[in-house]
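Trainee: predicted model and sequence below, questions to follow.
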Amino acid sequence: MKTERRPRSAARRKGKAEQLVLPLDSGPVMQAASLQSGSNGNCIFVEAGGVRLLFDAGITGAETGRRLAALGRTMEDVSAVIISHDHADHMKFAGVYQRKYGLPVYMTHGTRAVAEGMRDLGRLFDVRIFRPGDRLSFGDVTVETMRTPHDAEEGAVFVVACRGRRLGVMTDLGHLFPKLRDTIGTLDAVFLESNYDTDMLMHGPYPAFLKKRIRGHAGHISNHESAELLREGKKLKWACLSHLSEQNNSPAVALKTHRDIVGADLILHTAHRYEATGLFEV
Ligand SMILES: [Zn+2]
Ligand SMILES: [Zn+2]
């Protein structure tokens with residue numbers, strides 16, 4: 001009996017594993033939207049396998065609720081908020097999300113250390129710590145985390161994976177670090193920082209120290225760098241250019257640079273600084 005059972009259970013296991021990876025022409029597994037993106041506040045919504053997550057808490061709870069409602073979702077449906085790093089445009093309202101809507105807040109040790117000194121944030125009673133490199137599980141959804149060289153205490157970016165589909169949530173990157181290059185080829189879609197046009201930054205009104213910080217290894221990545229990375233994303237169905245600077249970039253300039261470098265095939269969206277995008281499918 002044993003020898004008969006083994007092949008059957010192996011076949012069952014194999015069948016189950018195969019079901020986890022959908023064929024390319026099957027329907028979407030994830031839906032995602034940028035609720036707002038840029039130095040005035042960031043929040044990205046991702047839904048997959050019945051799980052709803054927010055990445056960053058840089059806009060008010062009320063505004064987040066209004067923008068989710070426009071997408072047919074509510075704050076009450078959200079399972080957790082995951083904070084990328086300790087800059088105010090990414091975590092200022094994490095305390096409100098938690099106290100008003102009961103969301104657990106995921107952050108690194110380094111981010112929490114800074115959060116404890118931020119008076120605006122208020123009290124956090126349910127902080128779940130992760131180390132960059134950890135995988136967070138929410139039902140069928142896995143969130144892979146990786147450390148960034150951005151000038152925060154312990155910043156991270158994310159890959160959301162569900163049933164064989166992979167979505168990157170990647171802003172405030174510092175520079176094109178090796179792990180980013182390793183990962184881009186595995187993604188089906190990505191929200192990717194495209195912060196500045198180099199000419200606009202260099203000829204713009206920012207003081208020299210700020211120009212240096214933005215261009216430096218711990219600042220932000222340019223349209224050109226973002227496009228160079230996307231060119232390596234052979235599986236990508238779409239990219240949403242994110243965290244665009246108001247002074248040193250524009251959606252039209254960012255899109256043109258990307259078209260010149262990436263070509264015509266990749267679907268490109270831009271995330272707005274003052275409003276939500278629609279829901280994109282993965
Ligand atoms: Zn930022
Ligand atoms: Zn930042």
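Mentor: Perfect, thanks for sending it. Ligands and ions are numbered 1, 2, ... in the order given.

Trainee: dihedrals phi and psi, the residue of the stretch 1-150 of the chain found nearest ligand 1?
Mentor: Closest approach of the stretch 1-150 of the chain to ligand 1 (Cβ to the ion) occurs at residue 89, with a separation of 4.4 Å. For glycine as for every other residue, the C-beta is placed from the backbone atoms N, C-alpha and C. Backbone torsions for residue 89, taken as degrees, to the nearest 10, come to phi -70, psi 0.

Trainee: what distance do you get for the nearest residue to it once chain neighbours are set aside to residue 35?
Mentor: Of all residues not flanking residue 89 in the chain, residue 58 sits nearest, at 4.5 Å (Cβ to Cβ, 6 or more residues apart in numbering). Applying Cβ to Cβ, to the nearest Å, one obtains 9 Å for the distance of residue 58 from residue 35.

Trainee: residue 253 too?
Mentor: In this structure, residue 253 and residue 35 are 23 Å apart, going by Cβ to Cβ.

Trainee: between these two, point out the one with more neighbours.
Mentor: The neighbour comparison of residue 253 against residue 35 (other Cβ atoms under 10 Å) goes to residue 35, with 27 against 17.

Trainee: element containing the more buried one?
Mentor: Take DSSP states H and E as the rule and residue 35 turns out to sit in strand 30-36.

Trainee: so what touches that strand?
Mentor: When contacts are taken as Cβ atoms under 8 Å, 6 or more residues apart in numbering, the neighbours of strand 30-36 outside the stretch itself are 42-48, 54, 58-59, 63-64, 67-68, 71, 160, 162, 165, 167, 189, 191, 240, 242, 271-282.

Trainee: so where's the chain shaky on pLDDT?
Mentor: The chain contains residues with pLDDT under 70 at 1-25.

Trainee: hang on, the earlier thing: OK, contacts around the residue of the stretch 1-150 of the chain closest to ligand 1?
Mentor: Residues in contact with residue 89 (Cβ under 8 Å, 6+ apart) are 38, 39, 40, 41, 42, 58.

Trainee: just to revisit the earlier point, out of the contacts of strand 30-36, which are buried?
Mentor: Burial of the contacts of strand 30-36 was assessed by neighbour count (16 or more other Cβ atoms under 10 Å); the buried members are 42-48, 54, 58-59, 63-64, 67-68, 71, 160, 162, 165, 167, 189, 191, 240, 242, 271-273, 276-277, 280, 282.
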